[in-house]
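Engineer: sequence first, then the predicted structure:
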Amino acid sequence: MALEPTYAIPELPPPGAIETPQVLKALTRAHRYLAELKGRAATIPNQGILIDTLSLQEAKASSEIENIVTTQNELFQLNAFPEIPGSPAAKEVARYRDALRHGFEEQRRLDGLLTNNILIAMFQILKRSDGGFRETPGTALKNEGTGEVVYVPPQDANLVRAHMAALETFINAGADDTELDPLTSMAIIHHQFESIHPFPDGNGRIGRIINVLYLTRCRLLDIPILYLSRFITRNKPEYYRLLQSVRETGQWEEWILYIVNGVEETAIETLRLVEGIRYLMAQTKNRMRTEHPKIYSQDLLNNLFRHPYTRIDFVQSELGVSRPTATKYLEELADGGLLVKHKAGRNNYYINQPLVGLFVESE
């Protein structure tokens, strides 16, 4: 028996998605903290530090929404030694990070455009697949506990492609093409994407990557460091309730408020994290210059914060030094208590313990 879609995908912007006084107040607060985060992030000397470390945190939180759970230790170990078999969950999270990074790099290459080809490439990285948008009918979303069908997305492949083409146009519209605030548009885009449900799997995670890439497209952030998935993980039942509520009632205010308030809360938390990283970098820099002046360099400091678990190969490659020199640097810092040395098989790795502690505390 053929499945019948349970929601008519609306045109964009959808009717009823208006910015009420309550939404406008929430938007003002969210923009204030986003602007502060954007400015504070720019003070970190190497933006790769934030992209690499915070994208991994976003990947971890987003995957938890899909019940893919791992630990900071597993993630950082896998990042340091991708060649060593890690847990399936850690590998899945690492692929999310890789998909986000690929999407951001492609978006920059295309001067900010966020195209369906980029979304398909991210899906392929996330799911280790060569597929794209759904081609066959039969997709239905079910309640995890009861098995009851709660939502049936569009079934026809041509319709899926048509809806995604319209969504691509809306995502990449210029400021003059819509009167909506970018954060309101982001809430609409996320709902529309999840309702189209264009991929056979991984739609939730790709949809959440779109959120942060859209913020960079609108220049609300320079780099994708706002990990909204932490807020969604903490408020998961409300997330699914409001997704479905819009489909059933056509009322958008609660959903938009949920997303905008999530941006505000997450921006505040990410600000604290960036400030924590700035403080630890300054502290480590002072100690290196005082206690290890002969080996101190900004590049070495950056390495220790870009890779919470670093290794000789990373230092050798990023600083352009010989292996004996890289080994000497890390051994000296470990002997001085700035790093903690560990072994993985025949390889050594060196942990920036205060930085790892900062991420653990923020969970």
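Structural biologist: Yep, that arrived.
Engineer: every contact and neighbour count from this point should use C-alpha atoms.
Structural biologist: OK.
Engineer: and for Y7, nearest residue in space, chain neighbours not counted?
Structural biologist: R247 (6.0 Å; Cα to Cα, 6 or more residues apart in numbering).
Engineer: ah, wrong one, I meant L319
Structural biologist: D299 (6.3 Å).
Engineer: wait, is the one you found part of a strand?
Structural biologist: No - read with DSSP: H, G, I helix; E, B strand; the rest coil, D299 is helix and lies in no strand.
Engineer: tell me which helix or strand the residue nearest to Y7 sits in.
Structural biologist: Taking DSSP states H and E as the definition, R247 sits inside helix 236-249.
Engineer: check which residues of that helix are buried.
Structural biologist: By neighbour count on 16 or more other Cα atoms under 10 Å, the buried set for helix 236-249 is 239, 242-244, 246-247.
Engineer: for burial, what's the neighbour tally of G337?
Structural biologist: 12 (other Cα atoms under 10 Å).
Engineer: may I see the buried residues of stretch 116-124?
Structural biologist: 116, 118-124.
Engineer: no, scratch that, I was asking about stretch 329-339
Structural biologist: Buried residues in stretch 329-339, counted by 16+ other Cα under 10 Å: 329-331, 333-334, 338-339.
Engineer: tabulate those residues (TSV), appending distance to E269.
Structural biologist: Shown next, in TSV, are these (distance: Cα to Cα, whole Å):
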residue	distance to E269
Y329	33
L330	31
E331	34
L333	30
A334	31
L338	26
L339	26
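Engineer: closest one to A165 out of these, please.
Structural biologist: L339 (49.8 Å; Cα to Cα).
Engineer: tell me which residues of the lengthiest helix in the chain come out buried.
Structural biologist: In the chain, assigned by DSSP state H, the helix with the most residues is helix 253-291. Across helix 253-291, burial judged by 16+ other Cα under 10 Å covers 253, 255-271, 273-278, 280-281, 284-285, 288.
Engineer: ok, stretch 56-67 next?
Structural biologist: For stretch 56-67, by 16+ other Cα under 10 Å, it's 56-65.
Engineer: from the residues you listed, which is closest to G131?
Structural biologist: S63 (20.6 Å).
Engineer: which helix or strand contains the closest one?
Structural biologist: Using DSSP H and E, S63 sits in helix 47-65.
Engineer: can you name the next helix or strand after that helix?
Structural biologist: Heading C-terminal from helix 47-65 (DSSP H and E), you reach helix 72-80.
Engineer: and that following helix with helix 47-65, angle?
Structural biologist: Counting by axes from the mean of the first three to the mean of the last three Cα atoms, to 10 degrees, helix 72-80 lies at 130 degrees to helix 47-65.
Engineer: would you mind pulling the contact partners of whatever helix or strand comes next after helix 72-80?
Structural biologist: Sequence order places helix 88-109 as the next helix or strand after helix 72-80, per DSSP H and E. Contacts with helix 88-109, where a contact means Cα atoms under 8 Å, 6 or more residues apart in numbering, come from 55-56, 58-60, 63, 68-71, 74-75, 78-79, 113-114, 118-119, 121-123, 125-127, 205, 209, 213, 217, 224.
Engineer: what does stretch 192-199 give?
Structural biologist: With Cα under 8 Å, 6+ apart, stretch 192-199 has contacts from 9, 123, 132-134, 153-154, 160-161, 163-164, 167, 203-204, 207.
Engineer: swap in stretch 227-236?
Structural biologist: Contacts of stretch 227-236 (Cα under 8 Å, 6+ apart): 54-55, 57-58, 61-62, 64-65, 208, 212, 239, 262-263, 265-266, 270.
Engineer: what's the spacing between the residue lying closest to S55 once chain neighbours are set aside and R208?
Structural biologist: Residue nearest to S55 in three dimensions, not counting chain neighbours: R97, with 5.9 Å by Cα to Cα, 6+ apart. Separation of R97 from R208 (Cα to Cα, to the nearest Å): 12 Å.
Engineer: per-residue confidence for the residue positioned nearest the centre of the chain?
Structural biologist: A centroid search over the chain (Cα atoms, centre = their mean) returns E58, at 4.0 Å, as the residue closest to the centre. E58 carries a pLDDT value of 78.
Engineer: ok, the closest residue to it other than its chain neighbours - how many residues close by?
Structural biologist: Excluding the flanking residues, the one nearest E58 by Cα to Cα, 6+ apart is Y227, at 4.7 Å. Using other Cα under 10 Å, Y227 has 27 other residues around it.
Engineer: burial check on G48, number of neighbours?
Structural biologist: 15.
Engineer: show me what contacts it?
Structural biologist: Per Cα under 8 Å, 6+ apart, neighbours of G48: R306.
Engineer: equivalent analysis for L37, please.
Structural biologist: 221, 267-268, 270-271.
Engineer: report all helices and strands that the helix or strand encompassing A165 contacts.
Structural biologist: Taking DSSP H and E as the criterion, A165 maps to helix 157-171. With contacts defined as 3 or more Cα pairs under 8 Å, 6 or more residues apart in numbering; DSSP states H and E, helix 157-171 has these neighbours: helix 116-127, helix 182-196.
Engineer: just send those back as JSON lines, with distance to R101 and mean pLDDT too.
Structural biologist: Formatted as JSON lines, the helices and strands packed on helix 157-171 follow (distance: least, Cα to Cα, whole Å; pLDDT from 0 to 100):
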{"stretch": "helix 116-127", "distance to R101": "9", "mean pLDDT": "97"}
{"stretch": "helix 182-196", "distance to R101": "19", "mean pLDDT": "97"}
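Engineer: many thanks, we can stop here.
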